[in-house]
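# could you look at this predicted model? Sequence included:
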Amino acid sequence: MDKQNYEKKAYEMMKEKILNGQLRTGDRVPENMIAKELGISRTPVRRALVMLETEGFLTIESNRGAFVSESKVTVGKFIEMLEMLEVLVINTMRKMENKGIYFEPQPFNKRLTVMEDRLKSGNNTGFVEEGWQIIFDFVTYMGNGYAENVVRKMSIDFLTKAPKEIILIPFNNGTYLMEQFTRVNELLGVKRFDEIEQLVRELVNYFIIKTFR
């Protein structure tokens, strides 16, 4: 078996242990035991740990090892995500306003078309993935790597750890979401930033209310 297969095997085993509750939030991942159980060296296990950290399943602490991160996106966690996205999107928009950064609408129009197709076809996962990508693409206008990493991690957490009833909230309100994304796109083109900020706040509040229904 080649090195990549060793890594994949270690990755799949540890991820399964996390998802089925054998390894719980806060637990230290026993690197030595995983390697021994699979009959492989610790090197591919370490690489698998890094992959799982990238996906948000683990937190690796220097000189302490790897620990299981929060394994489920709860309603409270989802609302925290919405509130963080509100801050990041508004800050990005204000930086564009203050710095005179040009907004290119065409890439967003293409992604909106993909979202519309996935909404019509009932592809809920694809619809939500594209929605997260639109947000990520927009936040890149801020030019802040930390903010980009925050959005990337949130999207991975949401898509891999949220229960189906939470994942379906954006899809079940897809028509409304598409309308608001389209409106934001139009307002960015004419630099009506105050209206955009109000719209973003209304959009986040709308989904917070929907989450509790």
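It's in.

# show me the domain layout of the chain.
Split into domains by automatic domain parsing, the chain comes to 3-68, 75-211.

# same question for the last one, mean pLDDT?
Read that as domain 75-211. Mean per-residue pLDDT for domain 75-211: 94.

# can you pull the contacts of residue 27?
Neighbouring residues of residue 27 by Cβ atoms under 8 Å, 6 or more residues apart in numbering: 67-68. Bear in mind the C-beta positions are built from the backbone N, C-alpha and C, glycine included.

# what's the burial count for residue 80?
Neighbourhood size, residue 80 [other Cβ atoms under 10 Å]: 13.

# so which helix or strand takes in it?
Following DSSP states H and E, one finds residue 80 within helix 75-99.

# following the chain onward from that helix, which element is next?
Per DSSP H and E, the first helix or strand lying C-terminal to helix 75-99 is helix 105-121.

# continuing past that next one, what's the next helix or strand?
Next in sequence after helix 105-121, counting helices and strands by DSSP H and E, comes helix 124-139.

# hmm, who's touching that following helix?
By Cβ under 8 Å, 6+ apart, helix 124-139 touches 85, 88-89, 92, 107-108, 111-112, 114-115, 118-119, 147-148, 151-152, 154-155, 158-159, 167-168, 170-171, 174, 177, 181.

# how about that helix: buried residues?
124, 126-132, 134-136, 138-139 (16 or more other Cβ atoms under 10 Å).

# now do the buried residues in the helix or strand following that helix.
Following helix 124-139 in sequence order, the next helix or strand is helix 145-161 (DSSP H and E). Applying a neighbour-count criterion of 16+ other Cβ under 10 Å, one finds 147-148, 150-151, 154-155, 157-159, 161 buried in helix 145-161.

# in a strand, residue 59, correct?
Yes - per DSSP: H, G, I helix; E, B strand; the rest coil, residue 59 lies within a strand segment.

# so that it lines up with my notes, have the first residue be 664 from now on.
Fine by me, first position is 664 from now on; the one you just mentioned is residue 722.
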